[in-house]
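**Student:** predicted structure and sequence below. I'll ask about it afterward.
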Amino acid sequence: MKKLDNRISIGFQALDELASVLRQPAVSQVFVLVDSNTVQHCYPLVKAYLPEHTLVEIPAGEEHKTLASCDSVWCRLTEKAADRFAVVVNLGGGVVTDLGGFCAATYKRGIRFVQVPTTLLAQVDASVGGKTGIDFLGFKNQIGVFQEPAGVFIDPRFLTTLDGRQLKSGYAEVVKHWLIADAEAFAFQRHAGVVVEDWTDIIRASVATKQHIVEADPLESGLRKVLNFGHTVGHALESYLLQQPGREILHGEAVAAGMVCEAWLSAQRGMLSAQELEQIEVFLFSVFEKVQFVTLETAVIAQLALQDKKNSGTTINCTLLDGIGKAVYDQPVPVAEITEALRYYHRL
Ligand SMILES: NC(=O)c1ccc[n+]([C@@H]2O[C@H](COP(=O)([O-])OP(=O)(O)OC[C@H]3O[C@@H](n4cnc5c(N)ncnc54)[C@H](O)[C@@H]3O)[C@@H](O)[C@H]2O)c1
Ligand SMILES: O=C(O)C(=O)C[C@@H](O)[C@H](O)[C@H](O)COP(=O)(O)O
Ligand SMILES: [Zn+2]
């Protein structure tokens, strides 16, 4: 199978570059995957840049990042007799880029896909690095494959239709990148406050941080686990609340809470000073509301961390901070201490 240029393009020229990639003769058919919101808010902007294509739509939301949605995508590809030279364009947030990437990576054992991320979260994180997948039995990203997209085309203009809550959710992953790799940016932003008019520079810096780590360890055998800071507790919380109608939270909101818990675990081990812990908490609570749960629920939530992908057997391996700006992975944390971290968060 001929490879397209593997590139990440960020800026107002990104869609022109997408157009030139899709017009290469090596492309037999183009499929554009959208969700019920991006078809309305993002497809009109992209349409002019696309060659003839088939539109495939899934319902919006994390609750649709499922096998049932994959089924519908694979059906469309099959009905249209997509061959191995077809390309899937994933136009949407992290749900579309994760699910569309997974569908493409498995259809006929793998066809090419490109990511056109339309949320801040997908622009700074989900579209980069080749983790694709879906949720299964309530567990986050339980089924998936590593497969790099043939290109990532990031146009910040998409963010103009995104609501404030979704922007903040993406911002959590930006803060994560600072906490694991860029103490200076965290210190600057902590003092400056969060007023962003043009996201382009923040997107560029975040993508560079992630890309640098992914290139060193694409399959997450070691270093890449630092990108999972906040996610051991965050995914447990997100999975738990996804199963509770009316209490669902966004991925970034869960990661923000998870980062507070995992910063506390770092401080418990003497790896983060009390002052650094406080700086992280004050900053995160200045952006994110507290996630609501009761003390009685903490043990059940903590148990969900036993399904985390970084674990070995029954040992929960967390990524913790060794000072702001440096992360260490494979730090064993007993499930009872995850419960304690959630209780600490609850008391704040
Ligand atoms: N693969 C990775 O490395 C990676 C990294 C981080 C997160 N993720 C995954 O990403 C997912 C979260 O992504 P997300 O926050 O983008 O959620 P999402 O895809 O559900 O998008 C959020 C909402 O915004 C809507 N939307 C998208 N673009 C819009 C636009 N421009 N204007 C208006 N509405 C728009 C969507 O329809 C949806 O309702 C989670 O499933 C998470 O696990 C994956
Ligand atoms: O790219 C990575 O590696 C990450 O861990 C980035 C995370 O922000 C992202 O949420 C990822 O999907 C989590 O992966 P998982 O392996 O914990 O499901
Ligand atoms: Zn994440």
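**Tutor:** Received it, and whenever you're ready, just let me know what you need. Ligands and ions are numbered 1, 2, ... in the order given.
**Student:** neighbours of the residue of the stretch 51-200 of the chain found nearest ligand 2, just the number please.
**Tutor:** Ligand 2 sits closest to N141 of the stretch 51-200 of the chain, with a gap of 3.3 Å, by Cβ to the nearest ligand atom. Just so you know, the C-beta spots here come from the backbone N, C-alpha and C atoms, and that holds for glycine as well. The local packing of N141 (other Cβ atoms under 10 Å) involves 17 other residues.
**Student:** contacts for the helix or strand harbouring T319?
**Tutor:** Element membership for T319, per DSSP states H and E: strand 317-321. By Cβ atoms under 8 Å, 6 or more residues apart in numbering, the residues outside strand 317-321 that reach it are 179-180, 225-226, 228-229, 231-232, 262-263, 265-266, 269, 271-272, 276, 308, 310-311, 327-333.
**Student:** show me what contacts the most centrally placed residue in the chain?
**Tutor:** When the chain is reduced to its mean C-alpha position, the nearest residue by Cα atoms, centre = their mean turns out to be A126, at 3.7 Å. With contact set as Cβ under 8 Å, 6+ apart, A126 has these partners: G93, G94, T97, D98, P117.
**Student:** the same query, at a cut-off of 10 Å, please.
**Tutor:** 90, 92-98, 101, 115, 117, 119, 132, 170, 173, 210, 251 (Cβ atoms under 10 Å, 6 or more residues apart in numbering).
**Student:** and the closest residue to H41 other than its chain neighbours, how far from ligand 1?
**Tutor:** Taking Cβ to Cβ, 6 or more residues apart in numbering, and ignoring the residues beside it in sequence, H41 has T161 as its nearest neighbour in space, at 4.2 Å. Going from T161 to ligand 1 by Cβ to the nearest ligand atom, to the nearest Å gives 4 Å.
**Student:** G222 now?
**Tutor:** 17 Å.
**Student:** from N90, how far out is that residue?
**Tutor:** 28 Å (Cβ to Cβ, to the nearest Å).
**Student:** the stretch 51-200 of the chain: strands as residue ranges?
**Tutor:** 54-58, 87-92, 112-117, 131-136, 139-146, 151-154 (DSSP state E, counting those that start in this stretch).
**Student:** and the next element down the chain from the strand holding T319?
**Tutor:** That would be, after strand 317-321 and using DSSP H and E, strand 327-332.
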